[in-house]
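Visitor: Take a look and give me a structure for this.
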Amino acid sequence: MADTLKFVEDMVDNSPTVDVHETFHRYQILLDELKAKIAARFELIRDPSTEPLEHYGDYPNGPGGSLAAYTGPEVDWLVHSWLGNPAASFANLHLTCWLGPQVRVPHLGLALLVWPGGWFYIDSVPRVNMVEHGDYYDRYYEPVNEEWLQLRANPAFDYFVSRAGFIRASLSPTAYCYSFDRSPENIEKVSQVTHAHVDRWLRWVDEAEPVPAEERAALAETDLRIRRNIADRDPANVMGVRYFGEETTNQLVRALWGGDRELPRPSA
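Guide: Coordinates of the predicted model:
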C-alpha cells in the first residue's frame, strides 16, 4: 500500500509530456457505457445552459473540453464532461449524478484522470451525517467495506490523499481515490469497479423508500450546498484556469453545480 500526496498541477508539470489519447478514449467509452446505464433508468433532459459548452477550447489542436448537464423528475443534476489536452499529458473526465429529494440514496460521484499516470475516483456522496445516523452507514457503506479494503491492499493502486483538507472531508469512508500505472490490467480493474458501483447504486435507487414530503425541501437545499462547495473548492479547477482563463473556468464550475441552470429542480 502506497499513498500519493500531490497537487494535480504538480503531477502534470513534473512529468514528461505524453500523448495520452489511448487512455483518454478508453475513459470516454467507459463513461459512455456508465451514462447509458443511468439514462436507461432515469428520464433526463439536457439543461439549455450547458449547450454552449458542448465543445469549447481548441481541441484537437490544443486544450478543449465538453460539458453536458441534465435534470429530470428524479435527477437534480447529472454532469457528463471532460476537460484537458490529451496530446500533452492531461485529461479530466466527470460523470456525477445528484438525485432529487424523493430518496436519500447517496449521490454518485465519478472522475477519471490522466496526468499522465492513471487516476480514478468513485464515491457514494452521503446525504446525512453518518456518525449521527449509523443506520445510513450500515445500509450503504458497511456492505462494501470489505471490497474497499481489498483494493486498498492492491499494490497496483496507490491511494490518493488530496492536499486539500476540504476535499478529504468530502469523501465517504468507502470512496475510491487512486493513482495507478495505465496498464491494460489496471484500466480493466477500474472498469470493473466503476461498473459494479453504478449497478449497485441503481439498485439502491430502485429499493429506496420515499422521503416524507415535508422533509424534501431541506434535503434539496443541503444537496445544493454540498454540490456547490465541492465544485467551487476542487483543486483541479486550477487546470481550467491554466487552459481557458478565469472567466471560462468560472462558467464551467457553475455548470458543475447548476449555477446557471434554466430548467427547474425536481419538485421538493
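Visitor: The nearest residue to Glu54 once chain neighbours are set aside in helix, strand or coil?
Guide: Excluding the flanking residues, the one nearest Glu54 by Cβ to Cβ, 6 or more residues apart in numbering is Ser66, at 5.9 Å. For glycine as for every other residue, the C-beta is placed from the backbone atoms N, C-alpha and C. Following DSSP: H, G, I helix; E, B strand; the rest coil, Ser66 is assigned to strand.
Visitor: Ok, Tyr121 next?
Guide: strand.
Visitor: Just give me the neighbour total for it.
Guide: A count of nearby residues for Tyr121, using other Cβ atoms under 10 Å, gives 19.
Visitor: Provide a list of residues in contact with it.
Guide: Gly109, Leu110, Ala111, Leu112, Phe160, Ala175, Tyr176, Cys177, Tyr178 (Cβ atoms under 8 Å, 6 or more residues apart in numbering).
Visitor: ok, now Val12?
Guide: Val12 neighbours (Cβ under 8 Å, 6+ apart): Ser89, Phe90, Trp115, Pro116, Met239.
Visitor: and the next element down the chain from the helix or strand hosting Phe24?
Guide: In the assignment (DSSP states H and E), Phe24 maps to helix 21-41. Beyond helix 21-41 in the direction of the C-terminus, DSSP H and E gives the next helix or strand as strand 45-46.
Visitor: That next one: partners in the sheet, and parallel or antiparallel?
Guide: Here strand 45-46 is paired, per DSSP bridges, with strand 64-71 (antiparallel).
Visitor: Check the gap between the closest residue in space to Leu151 that isn't next to it in sequence and Trp82 for me.
Guide: Spatial nearest neighbour of Leu151, excluding adjacent residues (Cβ to Cβ, 6+ apart): Phe157 at 6.1 Å. Distance, Phe157 to Trp82, by Cβ to Cβ, to the nearest Å: 22 Å.
Visitor: Could you do Val144 as well?
Guide: 27 Å.
Visitor: what about these two, which has more around it?
Guide: For the pair Val144 and Trp82, the greater number of neighbours falls to Trp82 (20 against 17), based on other Cβ under 10 Å.
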